[in-house]
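Participant: coords please:
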Amino acid sequence: MRKFLLKPKKSLGQNFILSREVTKRIVVLAGNLEDFNVIEIGPGYGALTREILAHNPKSLLAIEKDSNLEQYHNQLLSEHQGKYRIIEADALHVVEEELIERPVKVIANLPYNVSVALFLKWLNNIKFFTSLTLMFQREVADRIIARPNSKDYGSLSVLSQLICDIRKEFDIEPKEFFPRPNVYSSVVTVNPLPTRKFAVNLEALTRLTRTVFAHRRKMLRNSLQNITSYTEAILENAKLSGNERPENLTVEQFCLLTNSMQTTY
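Facilitator: Now for the predicted structure:
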């Protein structure tokens, strides 16, 4: 079958799942779909799309940047008229609220090259979604779920865990994709929390974590001295010594530090 398929585009991060076993495991993780509108990103040849539709969602919207792939969805569109639609667009730039009504679940094998940017976009509007079941490159998934005092822990970990309950569910071998990537993938389930774990300005937290993790081996005091003249007062208010490195701080401590920066003058 593969010789008839269009050659996937590296520029779009295209690695398509062809295994029914894998697609079924992914969709089962998303739970009941019958009362939900579903978004899929980069449906490719439609393997995951078929499985989503088999679970009878209220509706399914697929967003595909590569117009050449839409031909592989003609049969699905015909079989599921009124329930399934596919649009040609860049998922990074669409406004989901303008395309689909709540309640919404996202189920997607994310293109490697935009997966983090897409996830950050959704985190900034997380209340719009009921859940997200997402496939990432394994190293990205490990960064999302990482805990303090680990090499993978960083800004992405802090932001994700502040506002969501996140689980890495299972890894997928390269052989399950076409073309076969050089890395493993991981499926992650993301369930937005009713409220943030700790009160904090999300934009300010994002700026702070990105700044300090850019020099993750530096002591916190040294990193802060580059962005504020009130380092010692800020550290004291946050109950930190300043000798910590960014990877040593918990999500709560980052929130306390952010709040201290905003209130210390």
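Participant: how about the helices in the chain?
Facilitator: Using DSSP state H, the helices of the chain run over residues 20-29, 47-54, 74-79, 96-99, 115-123, 138-145, 155-163, 202-213, 220-225, 231-237, 251-263.
Participant: mean neighbour count, distance to residue 174 and mean pLDDT added to those, as a markdown table?
Facilitator: Glycine gets a C-beta too; all of them are placed from N, C-alpha and C. Below are the helices of the chain laid out as a markdown table (neighbours: other C-beta atoms under 10 Å; distance: least, C-beta to C-beta, whole Å; pLDDT from 0 to 100):
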| stretch | mean neighbour count | distance to residue 174 | mean pLDDT |
| --- | --- | --- | --- |
| helix 20-29 | 17 | 12 | 96 |
| helix 47-54 | 20 | 16 | 96 |
| helix 74-79 | 13 | 26 | 95 |
| helix 96-99 | 13 | 31 | 97 |
| helix 115-123 | 18 | 16 | 97 |
| helix 138-145 | 19 | 10 | 98 |
| helix 155-163 | 22 | 23 | 98 |
| helix 202-213 | 18 | 29 | 96 |
| helix 220-225 | 19 | 37 | 95 |
| helix 231-237 | 17 | 45 | 96 |
| helix 251-263 | 20 | 32 | 96 |
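Participant: how about those in CSV, adding distance to residue 177?
Facilitator: Below are those laid out as CSV (distance: least, C-beta to C-beta, whole Å):
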stretch, distance to residue 177
helix 20-29, 9
helix 47-54, 10
helix 74-79, 20
helix 96-99, 26
helix 115-123, 14
helix 138-145, 13
helix 155-163, 23
helix 202-213, 30
helix 220-225, 39
helix 231-237, 47
helix 251-263, 33
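Participant: ok, which of the ones you listed comes nearest residue 187?
Facilitator: helix 20-29 (5.7 Å; C-beta to C-beta).
Participant: just how off-centre is the closest one within its chain?
Facilitator: 18 Å (C-alpha atoms, centre = their mean, to the nearest Å).
Participant: I would like the residues contacting it, please.
Facilitator: 17, 33, 47-48, 50-52, 54-55, 107, 109, 133, 135, 169-170, 172, 176, 187, 189 (C-beta atoms under 8 Å, 6 or more residues apart in numbering).
Participant: stretch 210-221 now?
Facilitator: 154-155, 222-224, 226-227, 231, 235, 240, 242-247, 249.
Participant: let's see it at 10 Å
Facilitator: The contact list for stretch 210-221, computed with C-beta atoms under 10 Å, 6 or more residues apart in numbering, reads 151, 153-159, 222-227, 231-232, 234-235, 238, 240-249, 253-254, 257.
Participant: may I have it as PDB, with CA atoms only?
Facilitator: Written as PDB, here are the backbone C-alpha positions of stretch 210-221 (Å, rounded to 0.1, in the frame of the first residue of the first chain):
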ATOM      1  CA  ARG A 210      12.200  30.800  30.500                       C
ATOM      2  CA  THR A 211      14.800  33.200  31.800                       C
ATOM      3  CA  VAL A 212      16.200  31.100  34.600                       C
ATOM      4  CA  PHE A 213      16.100  27.800  32.700                       C
ATOM      5  CA  ALA A 214      18.100  29.400  29.900                       C
ATOM      6  CA  HIS A 215      21.000  29.100  32.300                       C
ATOM      7  CA  ARG A 216      19.900  26.100  34.300                       C
ATOM      8  CA  ARG A 217      23.400  25.500  35.900                       C
ATOM      9  CA  LYS A 218      23.500  29.000  37.300                       C
ATOM     10  CA  MET A 219      22.500  29.600  40.900                       C
ATOM     11  CA  LEU A 220      19.200  31.400  41.100                       C
ATOM     12  CA  ARG A 221      20.700  34.500  42.700                       C
END
